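Novice: Give me coordinates for this.
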Amino acid sequence: MQPLSIIIGGCWIAFLYFTYQEKSEAASLTEKQLLIQQAQIVLKTQEQSNKLDVDLKKISLDQARVAFETQQSEKELTTTRLATEVELKKQEVLLNRLKEKQQEQEVRYSTSYRSSYEMTLNAIKVREFSKELNDYKVSLLFALKNESTVNYEVSYIAVEYYMGVPKPDLGEAQPGIGFAPIGTPPSLVNSAAETGALEWSSLGPPNASYWGPAHGSMGGWDLLVTPSTKFNGPNTGTVVPGGRTRFGYDYMVRARPGTYLGFVVDWIINRANGGSDDVNYVNRIVQLPEGNAEVVVER
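Specialist: Model prediction:
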């Protein structure tokens, strides 16, 4: 019995050993599987963590790029705004200069003296006086208008009259053809006028007037005032803006047909304080007609 008991006990022990060994191996396998699963979970968690870290870095980079682009845009906007402000300032300075010039011109325009004039000559045959001479009526009309915005003074005004005779030699421009400009008659304020093809001869002293207070204040032009000049004569004195100085004279002329007559009107405003701009003259030339036609010269 004892040997049998020992054998049975050994078998039980062997059974228990092998059973434990199997369970131990199963437990070890389970443990290893759990470790593998744990490692897989750790690996997956690490991958997700790495991916999340990469995503966070991408987001950070995008944020940095957006911030940089925003900063660049703001810098460009600031540069553009500053350039615009500088350009606007330049335009403002230029506009102010233009306004100043405009104001200066307006002041100069408002205080300057301007005038316009009209002068008409007409000649008509009245009768035949002799075989060679006719009697003519020659009329002079003159108007001087104050185009300024301020008053001015007509200090001196005169009408002169000349006869023009063609020169014997006009110069040969082409074979058999003489050519020369007619020229203009001289005047009290323009002694340098060129005679041209005509020799001018005065037909008498000028019909001249001066404004009394102006005498002695016209500088070198005071020499125009002679004993025959009318004191405070007609057409002198103050002329308001838009006002006119008008006069007309008729003359009887006995001369040959074709004779040239030259009329000159001279005038000085504001006592010639403005220099040559205040000293003026205008002339017209009329040729006496052969027949009864009226000759009119105007401008």
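Novice: ok, S276 - contacts?
Specialist: If you count contacts by Cβ atoms under 8 Å, 6 or more residues apart in numbering, S276 has none. Every residue, glycine included, has its C-beta placed from N, CA and C.
Novice: what about the closest residue in space to R127 that isn't next to it in sequence, how many neighbours?
Specialist: Nearest non-adjacent residue to R127, counting by Cβ to Cβ, 6 or more residues apart in numbering: D135, 5.0 Å away. Per other Cβ atoms under 10 Å, the neighbour tally for D135 reads 14.
Novice: what helices or strands is the one helix or strand D135 maps to leaning on?
Specialist: Secondary structure assigned from DSSP states H and E places D135 in strand 134-146. Identification of packing neighbours for strand 134-146 by 3 or more Cβ pairs under 8 Å, 6 or more residues apart in numbering; DSSP states H and E yields strand 115-128, strand 152-166, strand 244-255, strand 260-269.
Novice: circling back to that earlier point, list the contacts for the residue nearest to R127?
Specialist: 125-129, 252-254.
Novice: Dump those residues into CSV; add neighbour count as well.
Specialist: What follows is the contacts of D135, written out as CSV (neighbours: other Cβ atoms under 10 Å):
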residue, neighbour count
K125, 18
V126, 13
R127, 8
E128, 11
F129, 12
M252, 9
V253, 19
R254, 13
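Novice: Which of these sits closest to E92?
Specialist: Nearest to E92 among these is V253, at 67.0 Å by Cβ to Cβ.
Novice: if I look at the closest residue to that closest one other than its chain neighbours, how far off is F142?
Specialist: Counting by Cβ to Cβ, 6+ apart, V253 lies nearest to Y136, which is 4.6 Å off, once chain neighbours are set aside. Counting by Cβ to Cβ, to the nearest Å, the gap between Y136 and F142 amounts to 19 Å.
Novice: can you check P227 too?
Specialist: Per Cβ to Cβ, P227 is found 24 Å from F142.
Novice: low-scoring stretches of the chain, by residue?
Specialist: Filtered on pLDDT under 70, the chain yields the residue ranges 102-112, 172-173, 195, 299.
Novice: domain parsing for it?
Specialist: Per automatic domain parsing, the structural domains of the chain span 1-111, 114-298.
Novice: from those, which stretch is densest packed?
Specialist: With neighbours defined as mean count of other Cβ atoms under 10 Å, those peak in mean count at domain 114-298, which reaches a mean of 16.
Novice: First-to-last residue distance for that one?
Specialist: Terminal residues of domain 114-298 lie 21 Å apart, using Cα to Cα, to the nearest Å.
Novice: surely D169 meets F179?
Specialist: No: between D169 and F179 there is no contact under Cβ atoms under 8 Å: 11.6 Å.
Novice: Straight-line length of stretch 212-221, end to end?
Specialist: First-to-last distance for stretch 212-221 - Cα to Cα - comes to 14 Å.
Novice: ok now that stretch, how far from the chain's centre?
Specialist: Centroid separation for stretch 212-221 versus its chain: 39 Å, with Cα atoms, centre = their mean, to the nearest Å.
Novice: got a list of contacts for it?
Specialist: If you take Cβ under 8 Å, 6+ apart as the criterion, stretch 212-221 is touched by 153, 155-156, 189, 222, 224-225, 231-232, 236, 268, 271-272, 279.
Novice: between the residues you listed, which is nearest E290?
Specialist: V189 (34.1 Å).
Novice: what about the helices in this structure?
Specialist: For the chain, applying DSSP state H gives helices covering 2-111.
Novice: what residue lies at the spatial centre of it?
Specialist: Centroid-nearest residue in the chain, with Cα atoms, centre = their mean: L98, separated by 9.0 Å.
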